[in-house]
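>>> output the structure for:
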Amino acid sequence: MKFSGLLAGAVSGIAMLNLAACGGEDGEAAKAASKNSADDVQCVQLAPGDYYWDGSNFVVSGPALPGKAETAPRSTAASVPAESGWAAEMERSFPDLGFPWMGLHAREPVAVLTGIAPDANAKQTGFAAGKAAVQENAAASGVTLIVDGISLENAEQVTQNGPGAALTTLIQKGASRQTCQAAFNETMEGRTILFQSNLAIVSPTSQSLLDALTGVALLCEDHSIEIGGHTDSRGSNDYNEIISQQRADAVRDYMIEKGVDPDALTAKGYGESRPLDPAENYKAWAKNRRMEFKVSGRR
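Numbers count the residues shown, from 1 in each chain. Model prediction:
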């Protein structure tokens with residue numbers, strides 16, 4: 001449905017919703033009709049464009065008001081970005097694809113597939129189908145990164161769930177310094193970016209995690225993001241500083257390749273200088289080998 005100017009909605013009970021454009025001939029007709037009805041008429045200001053009812057709200061997918069700036073800072077604490085209209089529309093098509101449990105949230109250039117899959121196979125096939133649907137949708141041409149945020153019904157470990165869940169909160173709340181830091185922390189909770197032994201090459205098993213972190217960085221690139229590499233105490237100090245710097249650089253390079261503003265990212269190798277656990281055992285070493293992401297204001 002297309003509207004311009006003011007929208008009048010006459011609601012009777014819960015299931016019935018009648019709509020008409022206020023203003024102009026159609027608007028006068030709507031007002032006249034309302035005089036013969038027991039229903040109240042409310043008018044609210046709406047931007048012109050295509051609207052549809054998503055079950056709780058009207059969603060606009062049309063153009064912006066003439067004369068208004070078409071672009072705004074993507075990540076601000078003051079304004080919460082609305083999810084793309086095409087995403088809500090596409091989500092309603094997932095049951096027809098065989099995935100009634102799957103959802104979709106988007107804030108260009110990032111889209112996140114969410115939901116609780118009944119098993120690992122459904123999660124894998126659902127994500128693949130949803131990703132393909134987004135890529136084939138012309139309305140989603142601004143999306144360059146599609147992230148796995150799908151969980152399993154009876155997941156025994158956090159690593160069995162898609163790492164993109166925190167991105168959904170970021171999309172809904174907006175990318176303030178606090179929400180960005182929280183998104184990085186939540187994404188990394190219980191997870192580690194794995195590298196090939198003694199190399200600065202990310203293991204393929206960590207790609208979905210790196211994509212989720214990249215999604216956070218894309219939405220938060222108005223802030224400064226430090227990628228900190230840390231090692232355990234094994235090996236010489238010099239070697240640990242070098243390998244931690246190389247691995248932090250590798251993560252930064254990956255994010256830049258995916259479209260993150262290079263000026264938003266710094267990489268720092270701390271070696272073994274900042275252990276979380278000073279013990280000398282496998283449990284402590286595993287805890288100390290890590291990547292940390294710190295968000296601060298742009299200089």
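
>>> give me the low-pLDDT residue ranges for the protein?
In the prediction, the chain carries residues with pLDDT under 70 at positions 1-84, 299.

>>> domains in it, by residue range?
Per automatic domain parsing, the domain ranges recorded for the chain read 2-60, 85-296.

>>> for Tyr254, grab phi and psi.
Main-chain torsions, Tyr254, degrees, to the nearest 10: phi -60, psi -50.

>>> tell me, how many residues neighbour it?
Using other Cβ atoms under 10 Å, Tyr254 has 19 neighbouring residues. In this view, the C-beta of every residue, glycine as well, is placed from N, C-alpha and C.

>>> returning to what we had before: which of the domains of the chain sits most buried?
domain 85-296 (a mean of 18; mean count of other Cβ atoms under 10 Å).

>>> give me phi/psi at the closest residue to Ala212 other than its chain neighbours?
Nearest residue to Ala212 in three dimensions, chain neighbours excluded: Pro163, at 4.0 Å (Cβ to Cβ, 6 or more residues apart in numbering). Per-residue torsions, Pro163: phi -80, psi 0 (degrees, to the nearest 10).

>>> which residues does Pro163 contact?
147-149, 187, 191, 208-209, 211-213 (Cβ atoms under 8 Å, 6 or more residues apart in numbering).

>>> let's see which of the residues you listed end up in strands.
Judged by DSSP state E, the contacts of Pro163 include 147-149 as members of strands.

>>> quote the end-to-end distance of stretch 214-232.
25 Å (Cα to Cα, to the nearest Å).

>>> that one: how far from the chain's middle?
15 Å (Cα atoms, centre = their mean, to the nearest Å).

>>> please apply the same query to stretch 254-269.
With Cα atoms, centre = their mean, you get 18 Å for stretch 254-269.

>>> quick one: the residue nearest to Ala212 from Arg274, how far?
24 Å (Cβ to Cβ, to the nearest Å).

>>> ok, Glu292 next?
Glu292 is 9 Å from Arg274, by Cβ to Cβ.

>>> list residues touching both of those two?
By Cβ under 8 Å, 6+ apart, Glu292 and Arg274 have these common neighbours: His230.

>>> which one of the contacts of Pro163 is nearest Glu108?
Val147 (13.0 Å; Cβ to Cβ).

>>> tell me the contacts of that closest one?
110-113, 162-164, 167, 208, 211-212, 215.

>>> any idea how far Thr192 lies from Ser233?
17 Å.

>>> what about the strands in the stretch 51-200 of the chain?
58-60, 102-107, 110-117, 145-152 (DSSP state E, counting those that start in this stretch).

>>> now distance to Gln124 too, for these, in CSV please.
Formatted as CSV, these follow (distance: least, Cβ to Cβ, whole Å):
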stretch, distance to Gln124
strand 58-60, 29
strand 102-107, 12
strand 110-117, 8
strand 145-152, 9
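
>>> for the ones you listed, which one sits closest to Arg252?
Using Cβ to Cβ, these put strand 145-152 closest to Arg252, at 15.9 Å.

>>> ok, that closest one: who's next to it in the sheet?
strand 110-117 (parallel) (DSSP bridges).

>>> all helices of the stretch 151-299 of the chain, in order?
Here the stretch 151-299 of the chain has its helices, by DSSP state H, counting those that start in this stretch, at 165-173, 177-188, 207-219, 237-257, 282-288.

>>> which among the contacts of Val147 gets closest to Ala140?
If you rank the contacts of Val147 by distance to Ala140 using Cβ to Cβ, Ala111 comes first, at 6.8 Å.

>>> for that closest one, give me its contacts.
87, 104-105, 134, 140, 143, 145-147 are the contacts of Ala111 under Cβ under 8 Å, 6+ apart.

>>> possible to save these as a markdown table with distance to Asn198?
Listed next are the contacts of Ala111 as a markdown table, based on distance: Cβ to Cβ, whole Å:
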| residue | distance to Asn198 |
| --- | --- |
| Ala87 | 42 |
| Leu104 | 40 |
| His105 | 38 |
| Val134 | 37 |
| Ala140 | 40 |
| Val143 | 36 |
| Leu145 | 29 |
| Ile146 | 32 |
| Val147 | 29 |
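
>>> which one of those is nearest Gln172?
Nearest member of the contacts of Ala111 to Gln172, counting by Cβ to Cβ, is His105, at 7.5 Å.

>>> next one: that closest one from Glu272, what distance?
Applying Cβ to Cβ to His105 and Glu272 gives a distance of 39 Å.

>>> again, but for Asn240
For Asn240, the distance to Glu272 - Cβ to Cβ - is 5 Å.

>>> any shared contact partners between the two?
Common contact partners of Asn240 and Glu272 (Cβ under 8 Å, 6+ apart): 231, 233.
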